[in-house]
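Student: I need the structure of the sequence given here:
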Amino acid sequence: MFSGKQTKPTFKSYLPPLQTDSKKSPQLPIKKLEAKLLPGEIVVNEANFVRKCISAESCQDDLWGKLVCTNFKVSFITHNSLPRQRFQCTHRLLGEHDIPLACVEQVVTVNDVKGKQKILGSNQKLKFNPTELILYCKDFRIIRFRFDEAGPESAKKVCLAIAHYSHPADPQLLFGFEYVGKRYHGSTGERVSGIDPGGGMQTTLFDCSSDWDREIKRIGASEWRVCTINQGYFISPSLPEFFVVPVSLADQDLKQYACFFYSQRIPLWCWNHSSGSALVRMSNISDPQQQRKVEQRISSAITKSHPLRSDVFKSDLDKNLPNIQDIQAALLKLRQICVIDPFEESEEKWLSSLESSRWMEYVRTFLRHAVEVVYMLESRNVPVILLEKEDRDLSCVISCLVQLMCDPHCRSLHGFQSLIQKEWVMAGHRFLDRCNHLKKNDKEESPVFLLFLDCVWQLWNQYPAAFEFTEVYLTVLGDSMWVPIFSTFLFNCPRQRAENSRVIVIYQITHFYVFFFFFTSLLYFLRWVPEAQIPQGGPITAFHKLSVLTDEIDMLLNQLRQYKGAGGTPNSLHAEHSKMYFKATSTPHQPPAPPEYLSSSFPFSPVGNLCRPGILGSPLSKFLNGAKIWLSTETLANETI
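Tutor: Now for the predicted structure:
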């Protein structure tokens with residue numbers, strides 16, 4: 001019945017060959033996968049045949065390569081790469097898959113077989129062989145690595161190394177002390193401050209009296225002088241060696257009053273309005289018996305510096321603004337809804353969750369208070385003293401916001417960098433404690449500087465033409481806090497910076513970035529959530545909700561303008577066509593109608609006449625800038641439904 005002769009196969013398959021199991025590692029030439037190291041950077045440990053997870057679930061798009069821990073970063077080296085978009089971030093110090101150790105918030109190891117999970121810290125032991133490593137980053141990223149094909153011992157060692165080196169016990173262990181960066185020196189070997197030897201402007205560092213003299217002349221504060229009594233940090237360790245005080249205050253008086261202030265922080269001049277009203281920041285007086293006398297003497301000196309001898313207005317920031325613990329709690333809640341909670345389960349209520357975190361509320365509070373100070377300086381024409389217990393946190397935010405609102409120079413790139421150098425770095429903001437670089441001071445940790453950047457972004461969003469830098473720069477500035485290779489964001493005060501830092505303070509962050517991640521309002525907080533970015537398809541509920549809300553606000557504003565223009569006759573109003581594809585309902589009984597054609601990648605990866613990937617160039621971005629949005633028929637025809 002069956003012939004022993006083999007028959008020739010006649011079946012022909014028109015299906016593509018079956019994909020190989022993504023968990024099996026390809027034969028990569030591992031020897032060629034080497035980390036690119038900076039001067040002073042060394043490899044601590046590494047593991048081969050590691051899989052980097054690109055999405056929440058393992059898929060064929062995962063990358064295979066080598067996981068390396070250095071004394072500066074966690075580096076993943078692979079022959080493969082993610083699809084590069086037109087405005088992809090390119091960093092001159094970090095590779096596409098590099099994570100600075102200072103950016104790592106938490107190191108979590110997992111063993112699938114035993115069902116175990118452990119949060120690793122410095123000098124801790126790991127009793128099981130990890131099958132997965134999860135890195136929670138301060139910039140809201142979650143990065144996962146799988147060790148399915150890696151050796152168990154090498155996987156354990158690289159995890160322990162990452163945990164150890166991301167939790168340094170001493171500032172000297174931070175990579176900034178090893179990095180040999182480019183230094184700016186004059187012909188005599190001394191650093192050139194204020195002027196770039198190449199002919200361009202360099203950030204003013206305010207670490208010498210001449211820098212302050214130039215600032216006084218720039219603003220025209222003729223009744224103020226540079227004080228040198230803190231040279232060698234003789235009076236206060238947290239103040240700069242040079243600062244500005246009223247002309248009528250003698251050095252001897254300042255030395256006498258210093259002991260009455262918290263941390264001997266004598267009042268600091270920040271800026272003068274063109275009317276002559278001065279902005280001054282001051283710590284509280286620690287001795288109640290001397291409080292009235294000293295306050296009257298300081299206020300009298302500031303009044304004498306005013307052309308009209310106006311009385312001083314005191315703004316108590318501790319009473320009117322959230323404290324550093326409130327700000328930290330808000331960020332933790334924000335991180336929870338943006339990073340920890342599953343996005344697909346929470347996207348329906350994401351905006352309400354964002355509001356309940358109180359982060360945006362605090363941004364509004366700081367901006368509102370800054371506006372009140374501007375009103376006192378400009379409209380009431382009176383000097384203002386910003387009062388804060390130690391004058392090192394809240395006053396940094398308000399003084400900078402006030403100057404940004406009033407002084408066009410501060411809205412230039414050079415001016416903005418110099419402003420931060422003056423009001424944050426030299427004024428003694430505790431970057432080391434607030435950023436918690438050493439992972440051992442949780443009670444002092446607070447994202448005060450990041451809150452300030454968010455406030456600045458809100459100003460930029462309202463008045464972009466008033467700024468000479470883009471909103472992109474603010475993200476670079478925020479991200480640079482987690483790449484501390486220079487001393488700008490490493491220490492708590494100028495004295496600590498001078499004693500510990502072997503690298504020059506270089507604030508020109510633009511030297512190290514070519515293109516940047518986009519920082520765009522609420523969507524900024526979701527920039528690392530794959531489900532929200534949906535590069536290859538996924539839910540679009542988040543953008544849908546934002547679009548409907550934006551469209552509704554715009555339509556209501558148009559109706560209000562027409563109502564006012566028609567002299568209060570609502571019957572004369574005519575409905576304006578919606579500019580958005582996700583339209584707000586015009587009547588309670590009319591549901592919003594979705595567009596006829598819309599791919600699942602819209603709007604985060606638009607094509608055709610929308611041109612740009614990312615939120616810049618998306619319908620929401622263009623709509624907010626007043627553009628009429630539509631898709632060409634060619635684009636719609638080529639879209640995949």
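Student: helix/strand/coil for E34?
Tutor: coil (DSSP: H, G, I helix; E, B strand; the rest coil).
Student: so it touches I77, yeah?
Tutor: Yes - contact criterion CB atoms under 8 Å: E34 and I77 qualify, at 6.8 Å. C-beta: built from backbone N, CA, C; applies to glycine.
Student: When those two are compared, which one has more neighbours?
Tutor: Taking neighbours as other CB atoms under 10 Å, E34 and I77 compare with I77 leading, 23 against 13.
Student: R146 versus the more buried one, what's the distance?
Tutor: 16 Å (CB to CB, to the nearest Å).
Student: what does Q562 give?
Tutor: 58 Å.
Student: Looking at those two, which is more packed in?
Tutor: R146 (22 against 16).
Student: Please identify which helix or strand holds the nearest residue to the more buried one once chain neighbours are set aside.
Tutor: Spatially, and ignoring its direct neighbours in sequence, R146 is nearest to R51 (4.2 Å; CB to CB, 6 or more residues apart in numbering). Using DSSP states H and E, R51 sits in strand 43-53.
Student: tell me which residues in that strand are buried?
Tutor: Residues 44-53 are the ones in strand 43-53 that count as buried (16 or more other CB atoms under 10 Å).
Student: Pull the most distant pair out of the residues you listed.
Tutor: The most widely separated members of these are V44 and C53, with 22.8 Å between them, by CB to CB.
Student: Output the lowest mean pLDDT helix or strand found in this protein.
Tutor: Least confident helix or strand, the chain: strand 513-515 with a mean of 33, by mean pLDDT, DSSP states H and E.
Student: ok, the closest residue to F147 other than its chain neighbours - contacts?
Tutor: Of all residues beyond its chain neighbours, the one nearest F147 is A155 (3.9 Å), with distances taken as CB to CB, 6+ apart. For A155, the contact set (CB atoms under 8 Å, 6 or more residues apart in numbering) comprises 47, 50, 129-131, 133, 147.
Student: Extract the CA atoms of the helix or strand harbouring A155 and return them as PDB.
Tutor: Per DSSP H and E: A155 is located in helix 152-165. Taking C-alpha atoms only, helix 152-165 is exported to PDB below (Å, rounded to 0.1, in the frame of the first residue of the first chain):
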ATOM      1  CA  PRO A 152      24.100  33.600  36.600                       C
ATOM      2  CA  GLU A 153      27.200  34.700  38.400                       C
ATOM      3  CA  SER A 154      28.000  37.500  35.900                       C
ATOM      4  CA  ALA A 155      24.400  38.700  36.100                       C
ATOM      5  CA  LYS A 156      24.600  38.800  39.900                       C
ATOM      6  CA  LYS A 157      27.900  40.600  39.900                       C
ATOM      7  CA  VAL A 158      26.800  43.300  37.500                       C
ATOM      8  CA  CYS A 159      23.600  43.900  39.500                       C
ATOM      9  CA  LEU A 160      25.500  44.300  42.700                       C
ATOM     10  CA  ALA A 161      28.000  46.600  41.000                       C
ATOM     11  CA  ILE A 162      25.200  48.900  39.700                       C
ATOM     12  CA  ALA A 163      23.600  49.000  43.200                       C
ATOM     13  CA  HIS A 164      26.900  49.800  44.900                       C
ATOM     14  CA  TYR A 165      28.100  52.500  42.500                       C
END
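Student: got the buried residues for that helix?
Tutor: 154-165.
Student: next one: stretch 97-112
Tutor: 97-111.
Student: And the helices in the stretch 201-350 of the chain?
Tutor: 209-219, 251-258, 288-304, 317-320, 324-335, 343-346, 350-356 (DSSP state H, counting those that start in this stretch).
Student: okay if I get the ones you listed as JSON lines plus mean neighbour count?
Tutor: Formatted as JSON lines, the helices of the stretch 201-350 of the chain follow (neighbours: other CB atoms under 10 Å):
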{"stretch": "helix 209-219", "mean neighbour count": "17"}
{"stretch": "helix 251-258", "mean neighbour count": "15"}
{"stretch": "helix 288-304", "mean neighbour count": "15"}
{"stretch": "helix 317-320", "mean neighbour count": "15"}
{"stretch": "helix 324-335", "mean neighbour count": "18"}
{"stretch": "helix 343-346", "mean neighbour count": "15"}
{"stretch": "helix 350-356", "mean neighbour count": "15"}
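Student: Out of those, which gets the lowest mean score?
Tutor: The weakest mean pLDDT among these belongs to helix 343-346, with a mean of 64.
Student: Report the separation between F206 and L268.
Tutor: Taking CB to CB, one finds F206 at 11 Å from L268.
Student: Please apply the same query to L453.
Tutor: Where L268 is concerned, L453 sits at a distance of 22 Å (CB to CB).
Student: out of the two, which sits in the busier spot?
Tutor: Each of L453 and L268 has its neighbours counted (other CB under 10 Å); L268 has more, 25 against 19.
Student: hey, what's the more buried one bridged with?
Tutor: R281 (DSSP bridges).
Student: Kindly report the same for A47.
Tutor: A47 has these beta-bridge partners by DSSP bridges: L67.
Student: Next up, the contacts around it.
Tutor: Shown in contact with A47 (CB under 8 Å, 6+ apart): 66-67, 147, 150-151, 154-155, 157-158.
Student: What ranges in the protein fall below the confidence cut-off?
Tutor: Along the chain, the model assigns pLDDT under 70 to residues 1-31, 55-59, 81-91, 180-201, 342-347, 471-472, 501-548, 550, 564-641.
Student: buried sites along the helix or strand containing S418?
Tutor: Taking DSSP H and E as the criterion, S418 maps to helix 413-420. Judged by neighbour count using 16+ other CB under 10 Å, the buried positions of helix 413-420 are 413-420.
Student: Need those in TSV (columns: distance to L321).
Tutor: Below are these laid out as TSV (distance: CB to CB, whole Å):
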residue	distance to L321
L413	28
H414	29
G415	25
F416	22
Q417	25
S418	25
L419	20
I420	19
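Student: which one of these is nearest L308?
Tutor: L419 (26.7 Å).
Student: Now do the same contact list for the closest one.
Tutor: Here L419 is in contact with 400, 403-404, 410 (criterion: CB under 8 Å, 6+ apart).
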